[in-house]
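# just the structure for this:
(one chain, ligands or ions: 1)
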Amino acid sequence: MDEKTTLFTSPAPTPEQVVRAEAKQWPDGLLERMLALRLPLWKIEESLSAEGFPTLDMIESQVSDRERLASGLFIREATWEDDERLSDLFADSSERLGDWDVTVERSPNPYAQQRLQENWHVKLLEDRGVALGVNVQAGRSSFIGGRPLSVGWMGGWRVRNGFRRLGYSSMLLNAPGSAAGHFGVVSYWYVRLENGMAQSWISHEVTDVAATSGRALDKLTATVHHLDATTGGRLDGRVRRVRPHDLARCVELINATHGGLDLFRPYSVESLSGRLDDLFWGPKPPFIARVYDWDDMAVLEEDGEIVACGGLWDRGRDVRERWRNRTSGEERTVDTACLMDFGFAPGHEGDMAALIGHHLAATRELGRTTLSAPLEFLPSLEARLQWVKPEPETRLLEAMGFTVADQHIEPGIARPYTDLAYW
Ligand SMILES: CC(C)(COP(=O)(O)OP(=O)(O)OC[C@H]1O[C@@H](n2cnc3c(N)ncnc32)[C@H](O)[C@@H]1OP(=O)(O)O)[C@@H](O)C(=O)NCCC(=O)NCCS
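Numbers count the residues shown, from 1 in each chain. All right, here's what the predicted structure looks like:
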C-alpha cells in the first residue's frame with residue numbers, strides 16, 4: 001500500500017476503546033465510524049467517558065451528520081475540533097531550505113500564534129477527514145507611511161508532503177474568505193530567503209496577478225534578532241510583573257519606541273490590556289490553553305518610575321522547527337521565546353537591555369535556547385546586547401496594494417515594524 005493510500009485508511013480502535021464502547025453498549029461499528037471521520041481523540045474520549053450527556057442518541061446523530069458532510073475534497077474554516085488534524089498536517093509538510101528540510105510543528109495548540117493576531121481565519125483543505133492544506137489570514141487596521149490603512153497578513157501556507165503540485169494551494173487561494181473576514185487593502189507576507197520553492201510558487205501565484213491586475217507589489221526585507229539564551233540571562237531585582245495601573249505608562253513607552261514605523265499601530269490602554277487578557281478576561285475553562293497574558297508582561301522601575309517594559313511569549317510551547325540536513329542527516333530543533341510589546345524611555349537602552357536579560361533567564365528556565373526580538377531599527381539597544389550574541393535573521397517581506405476601478409493603493413512600506421505574532 002503506498003503512503004497516500006495508507007493515509008486515508010481508517011485508524012483502528014485500541015483494545016481499550018473497544019472494551020469501553022462495549023461497556024457503554026454502543027452499537028457495533030459506531031467507534032470505528034468515529035475514527036474513520038478522524039474526530040479528535042479528545043472528542044472520542046469525551047463520548048466514551050460521558051455520564052448521561054451527550055446521550056448515545058446524540059453521539060450517533062452527530063456521527064451520521066458528519067458522515068453525510070465528509071464526502072470528499074473540500075475547503076472550510078478550521079474549528080476547535082481541528083487541533084489534532086492541523087498539528088498532524090504541520091508535522092507532515094516541510095519547507096526546503098537549501099540542504100535542509102524544515103518542519104514547523106504546531107502542537108499541542110496549532111492556533112497559539114493566531115491568538116496573538118487580530119481577525120484571523122484558518123482555511124483548511126480536507127479530504128475524508130485528513131487535512132491536506134492550510135493557510136491563515138489575519139487583518140487589522142494599521143499605518144503605513146503615516147496613512148491609516150487596513151492590512152492583511154498571509155501566512156501558514158502548507159500543503160502536505162506527497163500532495164504537492166496538485167494545485168491544492170491554488171484551490172486555497174481561490175476559495176472565498178470567511179464572511180466574517182477583515183479585508184486588508186494591503187496584503188503582506190514573509191518568506192525565508194532560502195525558501196526558493198515558496199518564492200517560485202509565489203511568483204506564479206501572486207507576482208503575475210499583480211502584474212496583470214496593475215496592483216503594486218513591493219519587495220523588501222525585515223530582520224529580527226535571535227539572542228542566545230544558553231548563557232542563562234541575568235535576573236534583575238528592578239523587574240516586576242506588570243499591574244493594570246502600569247499600562248498607561250507602558251503604552252507611552254511602547255508607542256515612543258516604535259511610533260512612525262510602518263505596520264505599527266500605536267497601542268492604547270484598552271488594546272494592550274485586551275492583548276494581555278489572552279482572548280478574554282476573567283476565569284477561563286481548562287480547555288482554553290494559556291498563550292500569553294498578564295503574567296508574561298514585565299516592567300523595570302527606576303526611582304519609582306517605569307523606564308522599560310516588555311512581554312515574553314513562550315512560542316516554543318506550541319511552535320518548534322525541526323531542521324534535518326538531507327546530506328549529513330544532522331538534526332536540530334529550534335524553539336524560541338519572543339519579546340513582545342516592549343518599549344523604553346529615551347536614553348534607557350541599558351535598562352531595556354537589563355529587562356531583556358531578565359527575560360533571557362526566564363527563556364532558559366522554559367527550556368528554550370533563543371529569545372527572538374525585533375531590533376532592526378534599534379541599533380543602540382542591539383549594541384547593549386552583544387553579550388548574548390544577537391544573530392540577525394532576514395526574511396523577504398512582500399506587500400501587494402489594491403487596484404479596483406479608479407481606486408489604487410500602493411503599499412509603500414519602507415521601515416517595517418515586526419510584531420513577532422506575525423513572523
Ligand atoms: C509552497 C506550497 C504551499 C505550494 O503548494 P502546492 O499545492 O504544491 O502548489 P500548487 O500545486 O497549487 O502550485 C501552483 C503553481 O505554483 C508553482 N509552484 C508550486 N510549487 C513549486 C515548486 N516547488 N517549484 C516551482 N514552482 C512551484 C507552479 O507554477 C505551480 O503550477 P504548476 O504545477 O501548474 O506548474 C507547498 O509547496 C508547501 O507547502 N511548501 C512547504 C511550506 C512552504 O514553503 N510554505 C510557504 C511559506 S511562505
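
# would you mind listing what in the stretch 51-200 of the chain touches the ligand?
With C-beta under 6 Å from any ligand atom as the criterion, the stretch 51-200 of the chain comes near the ligand at residues 93, 95, 157-159, 164-170, 191, 195, 197-198, 200. For every residue, glycine as well, the C-beta is placed using N, CA and C.

# how about 5 Å then?
93, 95, 157-159, 164-165, 167-170, 191, 197-198, 200 (C-beta under 5 Å from any ligand atom).

# got it, and the stretch 201-350 of the chain?
With the criterion set to C-beta under 5 Å from any ligand atom, the stretch 201-350 of the chain comes near the ligand through 201, 204.

# any stretches of the stretch 201-350 of the chain with poor pLDDT?
Counting by pLDDT under 70, the stretch 201-350 of the chain contains no low-confidence range.

# ranges for the helices of it?
Assigned helices in the stretch 201-350 of the chain, in chain order: 208-213, 247-258, 269-276, 349-365 (criterion: DSSP state H, counting those that start in this stretch).

# in which helix or strand would I find the residue nearest to the spatial centre of the chain?
By C-alpha atoms, centre = their mean, the chain has its centre lying nearest to residue 113, at 2.9 Å. Using DSSP states H and E, residue 113 sits in helix 112-115.

# by contact count, what packs against the next helix or strand after that helix?
Moving toward the C-terminus from helix 112-115, the first helix or strand encountered (DSSP H and E) is strand 120-127. Applying 3 or more C-beta pairs under 8 Å, 6 or more residues apart in numbering; DSSP states H and E, one finds that strand 120-127 makes contact with strand 73-77, helix 83-90, strand 130-144, helix 168-174.

# the residue nearest to the centre of the chain and residue 318 touch, don't they?
Yes. Counting by C-beta atoms under 8 Å, residue 113 touches residue 318, with 7.5 Å between them.

# stretch 115-122 - what's its average pLDDT?
The average of the pLDDT scores along stretch 115-122 is 96.

# what do you get for stretch 40-47?
Rounded mean pLDDT across stretch 40-47 is 93.

# in CSV, list the C-alpha atoms belonging to it.
Output in CSV follows, covering the C-alpha atoms of stretch 40-47 (Å, rounded to 0.1, in the frame of the first residue of the first chain):
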residue,chain,number,x,y,z
PRO,A,40,-10.2,14.3,17.5
LEU,A,41,-9.2,11.7,20.1
TRP,A,42,-10.3,14.0,22.9
LYS,A,43,-13.8,14.1,21.4
ILE,A,44,-13.9,10.3,21.3
GLU,A,45,-12.6,10.1,24.8
GLU,A,46,-15.3,12.6,25.9
SER,A,47,-18.0,10.4,24.3
